[in-house]
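**Q** Got a sequence here, can you build the structure:
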Amino acid sequence: MDIQALKNQFIKEFLKLKDELIILKLSQVLSAEQQNEKQYQLSPEEMDAVEEGLQDFEIGNTYSHEEVMSEMKTKYPHLFK
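**A** Predicted coordinates for the structure are as follows:
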C-alpha cells in the first residue's frame with residue numbers, strides 16, 4: 001500500500017471514530033510529530049557538512065572502524081578499559 005492509499009484509509013477510519021478520548025490522543029500524537037519535524041530541521045551549514053561527507057564517501061575518502069578505534073584509543077586511552 002502506498003503512502004497516499006494509507007492516508008486515505010486512515011482518514012476513513014478516523015471519520016468513523018466516536019470516542020472523543022481516542023480522537024484527542026491521535027490529535028496529540030499528530031501535534032507532537034509536527035513539533036518534532038520543526039525541531040530537527042538542519043541548518044544550511046549542517047546540510048553543507050552532510051553533503052561534504054557524502055561526497056567524501058563517494059570518492060572513498062573514508063576510514064575503517066578499526067582505524068577510527070585505534071586512533072581514539074591512542075588519543076583517549078582513559079575512555080577504554
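
**Q** what's the neighbour count on residue 26?
**A** Using other CB atoms under 10 Å, the number of residues around residue 26 comes to 13. Any C-beta I mention is one placed from the backbone N, CA and C, and that applies to glycine too.

**Q** Contacts only, for it.
**A** For residue 26, the contacting residues are residue 14, by CB atoms under 8 Å, 6 or more residues apart in numbering.

**Q** can you give me the strands for this structure?
**A** Here the chain has no strands by DSSP state E.

**Q** Look up how far residue 62 lies from the spatially most distant residue from the centre of the chain.
**A** Ranked by distance from the centre of the chain (CA atoms, centre = their mean), the top residue is residue 18, with 33.1 Å. Relative to residue 62, residue 18 is positioned 56 Å away (CB to CB, to the nearest Å).

**Q** Tell me which residue is most central in this structure.
**A** Nearest to the chain centroid, counting by CA atoms, centre = their mean: residue 40, 8.3 Å.

**Q** pLDDT at that one, what is it?
**A** Per-residue pLDDT puts residue 40 at 75.

**Q** next one: phi and psi at the residue farthest from the centre of the chain?
**A** The phi/psi pair for residue 18 (degrees, to the nearest 10) reads phi -120, psi -20.

**Q** And for residue 2?
**A** phi -80, psi 170.

**Q** what's the burial count for the closest residue to residue 42 other than its chain neighbours?
**A** Among residues not flanking residue 42 along the chain, residue 50 sits closest, at 7.0 Å (CB to CB, 6 or more residues apart in numbering). Burial of residue 50 is recorded as 11 neighbouring residues (other CB under 10 Å).

**Q** quick revisit: what's the spacing between the residue nearest to the centre of the chain and residue 48?
**A** Per CB to CB, residue 40 is found 17 Å from residue 48.

**Q** How about residue 80?
**A** Residue 80 is 33 Å from residue 48, by CB to CB.

**Q** got it, and residue 62?
**A** 19 Å.

**Q** now do residue 13
**A** 42 Å.

**Q** Extract the CA atoms of the worst-scoring helix or strand of the chain on mean pLDDT and return them as PDB.
**A** When the helices and strands of the chain are scored by mean pLDDT, DSSP states H and E, helix 20-39 comes last with a mean of 88. These are the backbone C-alpha positions of helix 20-39, laid out as PDB (Å, rounded to 0.1, in the frame of the first residue of the first chain):
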ATOM      1  CA  GLU A  20     -13.500  11.600  22.000                       C
ATOM      2  CA  LEU A  21     -10.600  10.300  24.000                       C
ATOM      3  CA  ILE A  22      -9.100   8.400  21.100                       C
ATOM      4  CA  ILE A  23      -9.600  11.400  18.800                       C
ATOM      5  CA  LEU A  24      -7.800  13.600  21.300                       C
ATOM      6  CA  LYS A  25      -4.900  11.100  21.700                       C
ATOM      7  CA  LEU A  26      -4.500  10.900  17.900                       C
ATOM      8  CA  SER A  27      -4.500  14.700  17.700                       C
ATOM      9  CA  GLN A  28      -1.800  14.900  20.400                       C
ATOM     10  CA  VAL A  29       0.300  12.400  18.500                       C
ATOM     11  CA  LEU A  30       0.000  14.400  15.300                       C
ATOM     12  CA  SER A  31       0.800  17.600  17.100                       C
ATOM     13  CA  ALA A  32       3.900  16.100  18.700                       C
ATOM     14  CA  GLU A  33       5.100  14.700  15.400                       C
ATOM     15  CA  GLN A  34       4.700  18.100  13.700                       C
ATOM     16  CA  GLN A  35       6.700  19.700  16.500                       C
ATOM     17  CA  ASN A  36       9.500  17.100  16.100                       C
ATOM     18  CA  GLU A  37       9.600  17.900  12.400                       C
ATOM     19  CA  LYS A  38      10.100  21.600  13.000                       C
ATOM     20  CA  GLN A  39      12.500  21.000  15.900                       C
END
